[in-house]
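Asks: here is my input; please provide its structure:
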Amino acid sequence: MRRRLVIVAVAAAVGLFSGCGDDGGDASAPAPSAARRITVSSPAFADGGTIPRRYTCDGGNVSPPLAFSGPPSGTKGLAVLVEDPDAPHGTFTHWVVWNASPAHGGWPAGQVPPGTAEGRNGFKKNGYSGPCPPRGQRHHYVFSAYAADRTLHLASGASADAVKRALSGHTLASGRLTGRYGR
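Replies: Below you'll find the predicted structure:
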């Protein structure tokens, strides 16, 4: 009886600490191994400002121009995730990018540097899909950038969670830009 009680207690503890995410992935952002910051900005909108219609599902649905400064030496690639934490069923991914060259200080609208990989977003598409909140709502869109100390070897169409797992323990610095959009 005592052996059975211990097995049940261990099973309960494992279940308690295993979490209950939708896809079983770790949705937490990778912590930088150093307290370094990357500055993420856009000439199209200020941090906390409104994302112009052109970069949303109501406009051209192209990615906004982005600028990055401060990736530390040793950065092998940048990863960028665009997520909507206000989505009705939990954080929704609009863009997954990795292995972007840190030599590029910025990206023009609708483009990423050559050799950059793009993953699957919440719309089940590879590439960028712009903000598209339900009518009558205004959401926040977080553009998170990570400086990786290695090239990320991920399958084409990798998810945001897969990129976060690959960055875990390999993030030299991070930064973010938040924009808003409502319909």
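Asks: so the most centrally placed residue in the chain is in which element?
Replies: The geometric centre of the chain, computed from its C-alpha atoms, lies nearest to residue 81 (CA atoms, centre = their mean), at 2.2 Å. Using DSSP states H and E, residue 81 sits in strand 77-84.
Asks: right, and the helix or strand after that strand?
Replies: Assignment by DSSP H and E places the next element after strand 77-84 at strand 92-100.
Asks: distance check, the residue nearest to the centre of the chain against residue 126.
Replies: Distance, residue 81 to residue 126, using CB to CB, to the nearest Å: 14 Å. Heads up, the C-betas are built off the backbone N, CA and C, glycines and all.
Asks: who's in contact with residue 53?
Replies: Residues in contact with residue 53 (CB atoms under 8 Å, 6 or more residues apart in numbering) are residue 59.
Asks: now it: phi and psi?
Replies: Per-residue torsions, residue 53: phi -50, psi -40 (degrees, to the nearest 10).
Asks: residue 139 now?
Replies: Dihedral angles (degrees, to the nearest 10) for residue 139: phi -120, psi 160.
Asks: give the bridge partners for it, please.
Replies: Residues in a beta bridge with residue 139, per DSSP bridges, are residue 181.
Asks: pretty sure it sits against residue 178.
Replies: No - using CB atoms under 8 Å, residue 139 is not in contact with residue 178, being 10.5 Å away.
Asks: and the two? which has more neighbours close in?
Replies: residue 139 (20 against 17; other CB atoms under 10 Å).
Asks: related to what we said a few turns ago, run the chain-centre distance for the strand holding residue 81.
Replies: 4 Å (CA atoms, centre = their mean, to the nearest Å).
Asks: ditto for stretch 132-140
Replies: 19 Å.
Asks: okay, how far is it across it, tip to tip?
Replies: When the termini of stretch 132-140 are compared using CA to CA, to the nearest Å, they are 11 Å apart.
Asks: list the contacts of that stretch.
Replies: Contacts to stretch 132-140, defined as CB under 8 Å, 6+ apart, come from residues 56-58, 84-88, 131, 178-183.
Asks: can we see that at 7 Å?
Replies: Stretch 132-140 is contacted by residues 56, 57, 84, 85, 86, 131, 178, 180, 181, 182, 183 when judged by CB atoms under 7 Å, 6 or more residues apart in numbering.
Asks: ok, now which ones touch the first one?
Replies: So the one you mean is residue 56. 130, 131, 132, 181.
Asks: need these in a markdown table (columns: neighbour count).
Replies: Formatted as a markdown table, these follow (neighbours: other CB atoms under 10 Å):
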| residue | neighbour count |
| --- | --- |
| 130 | 23 |
| 131 | 25 |
| 132 | 17 |
| 181 | 23 |
